[in-house]
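Colleague: got a predicted structure here, sequence first:
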Amino acid sequence: MLKEIYTTHEEKMKKALEALRKDLASLRAGRATPALLDKVLVDYYGTPTPVNQVANVSVPEPRLITLQPWEKSMLGPIEKAILKSDLGLTPNSDGSVIRLNIPQLTQQRRTELVKMVHKKAEDARVAVRNIRRDANDGIKKIEKEKSASEDETKKAQEDMQKLTDKYIKEIDQVMGSKEKEIMEV
């Protein structure tokens, strides 16, 4: 019973960490990466579809992303989707390939991005702590039902705290590496 609580809540913590990683991957850090376009959805015959499913996305240079649509008719919808997105990028098309130039980040923009990274990391930490709280509530409930001894529940709570510390440390590492990437000139 206590093992089940531990494993299900560990799984939830993993998901919180993965969600943070995904979120930060789509943040523009002044360097071109296909992950920047992960949240851009194109209207593909009435269905919102990720850009990487309607075009070949590549990074030939550190400040350039190229998109080659699999169908010529998709050039316009892809351009519209990029312009509508919150990326702040302007697509340049030559009739067969779309080029996205990634501009150099200003110091002010870097600072804003770092603040955003800190906020997202804090949200992830809060999520992990909430998961720990839920697990501890479950452990206390088991103790009240007399399904486990006081020592077992105390050990389970200590294990949950160690797990929480581990994931918060990982969140801090992810945040630190993204911050370093953003501040890199």
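Modeller: Received, thanks. Residues are numbered from 1 along each chain as shown.
Colleague: buried residues in whichever helix in the chain runs longest?
Modeller: Determined from DSSP state H, the single longest helix within the chain is helix 107-144. Neighbour counts using 16 or more other Cβ atoms under 10 Å place 110, 113-114, 117, 120-121, 124-125, 127-128, 131-132, 135-136, 138-139, 142-143 of helix 107-144 among the buried residues. Every residue, glycine included, has its C-beta placed from N, CA and C.
Colleague: one more: stretch 144-163?
Modeller: 148, 153, 156, 157, 159, 160, 163.
Colleague: any low-confidence regions in this protein?
Modeller: Scanning the chain for pLDDT under 70 picks out 28-30, 185.
Colleague: that one: strands as residue ranges?
Modeller: Using DSSP state E, the strands of the chain run over 41-44, 47-50, 55-61, 64-69, 91-93, 98-101.
Colleague: give me phi/psi at the residue of the chain most remote from its centre?
Modeller: Residue distances from the centre of the chain (Cα atoms, centre = their mean) peak at residue 146, which lies 40.6 Å from the mean C-alpha position. Backbone torsions of residue 146, given as degrees, to the nearest 10, read phi 60, psi 30.
Colleague: begin at 32 from now on, thanks
Modeller: New numbering, starting at 32: the last item is residue 177.
Colleague: for residue 159, see how far away it is.
Modeller: Distance from residue 177 to residue 159, counting by Cβ to Cβ, to the nearest Å: 29 Å.
Colleague: now residue 149
Modeller: From residue 149 to residue 159 the distance is 16 Å (Cβ to Cβ).
Colleague: separation between the residue farthest from the centre of the chain and residue 68?
Modeller: Residue 177 is 55 Å from residue 68, by Cβ to Cβ.
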